[in-house]
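Asks: sequence unknown, structure follows:
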């Protein structure tokens, strides 16, 4: 069961937590996902209004949990500068930063952390070994799992066309991307 701080009442994320039970409790973090895992929630819109809030919240519960997740809801259009500030706060506070672009996605992250609470490190080591050793397969595993709208086929195409993630990120030529089969303005 996820314990939820009462200050989260009215947070739209709560109505999307469906796969795990939750209840309000008298806790310091926003969400307690297990004995050693907690999450702090921050909306970038709120951060723009109260920039010192997250630093105070991190200090308030620092060292109480082995893992503290800073769940950041990216709900502003111009997110570069505030995300940089939140990233700095996460690094300074020894938090794992997770960004989500909707309340549904935020809820899914909370459910995922809760469901993996009882998994051992060997579970993740075995899952890591299942990823193939060549560079393109590893690139596909990372990008397809973390970039919205990109599947394994797309990542294989981009990896073979550009050679490396660094070259892919440096490319500013839209024509080079459009030349890749399956990549372009519309997905077929």
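Replies: Yep, that arrived. Small disclaimer: the values here were computed from a predicted structure and weren't measured.

Asks: the strands in this structure, which residues?
Replies: Shown for the chain, the strands assigned by DSSP state E span residues 2-5, 22-25, 31-32, 37-43, 67-73, 96-100.

Asks: Packed most tightly, which of these would that be?
Replies: Greatest average neighbour count among these goes to strand 31-32 (a mean of 26), per mean count of other CB atoms under 10 Å. C-beta here means a position set from N, CA and C on the backbone, and glycine is covered the same way.

Asks: Helix or strand with the lowest mean pLDDT in this protein?
Replies: Between all helices and strands in the chain, the lowest mean by mean pLDDT, DSSP states H and E belongs to helix 121-129, at a mean of 53.

Asks: can you give me the helices for the chain?
Replies: For the chain, helices defined by DSSP state H occupy the ranges 44-49, 53-61, 80-92, 103-115, 121-129, 135-146, 152-162, 165-170, 174-178.

Asks: Worst mean pLDDT among those helices?
Replies: Least confidently modelled of those is helix 121-129, at a mean of 53 by mean pLDDT.

Asks: Count the residues that sit near residue 35.
Replies: Residue neighbour count, defined by other CB atoms under 10 Å, stands at 9 for residue 35.

Asks: Please state the backbone phi and psi of it?
Replies: phi -60, psi -30 (degrees, to the nearest 10).

Asks: Please give me every residue in contact with the nearest residue to residue 140 once chain neighbours are set aside.
Replies: With sequence-adjacent residues excluded and distances taken as CB to CB, 6 or more residues apart in numbering, residue 140 is closest to residue 155, at 3.9 Å. Shown in contact with residue 155 (CB atoms under 8 Å, 6 or more residues apart in numbering): 136, 139, 140, 143, 144.

Asks: Select, out of the strands of the chain, the one closest to residue 86.
Replies: Smallest distance to residue 86 across those (CB to CB): 5.4 Å, for strand 67-73.

Asks: Please identify the pairing partners of the closest one and their relative orientation?
Replies: strand 37-43 (parallel), strand 96-100 (parallel) (DSSP bridges).

Asks: of the contacts of residue 155, closest to residue 68?
Replies: When the contacts of residue 155 are ranked by distance to residue 68 (CB to CB), residue 143 comes first, at 26.7 Å.

Asks: separation between the spatially closest residue to that closest one that is not a sequence neighbour and residue 179?
Replies: Excluding the flanking residues, the one nearest residue 143 by CB to CB, 6+ apart is residue 155, at 4.3 Å. Distance, residue 155 to residue 179, by CB to CB, to the nearest Å: 16 Å.

Asks: where's the residue nearest the centre of the chain relative to residue 149, distance?
Replies: Centroid check for the chain by CA atoms, centre = their mean gives residue 98 as the closest residue, at 2.9 Å. Using CB to CB, we find residue 98 at a distance of 19 Å from residue 149.

Asks: Same check on residue 111?
Replies: Distance from residue 111 to residue 149, counting by CB to CB: 22 Å.

Asks: Looking at these two, which is more packed in?
Replies: residue 111 (18 against 6).
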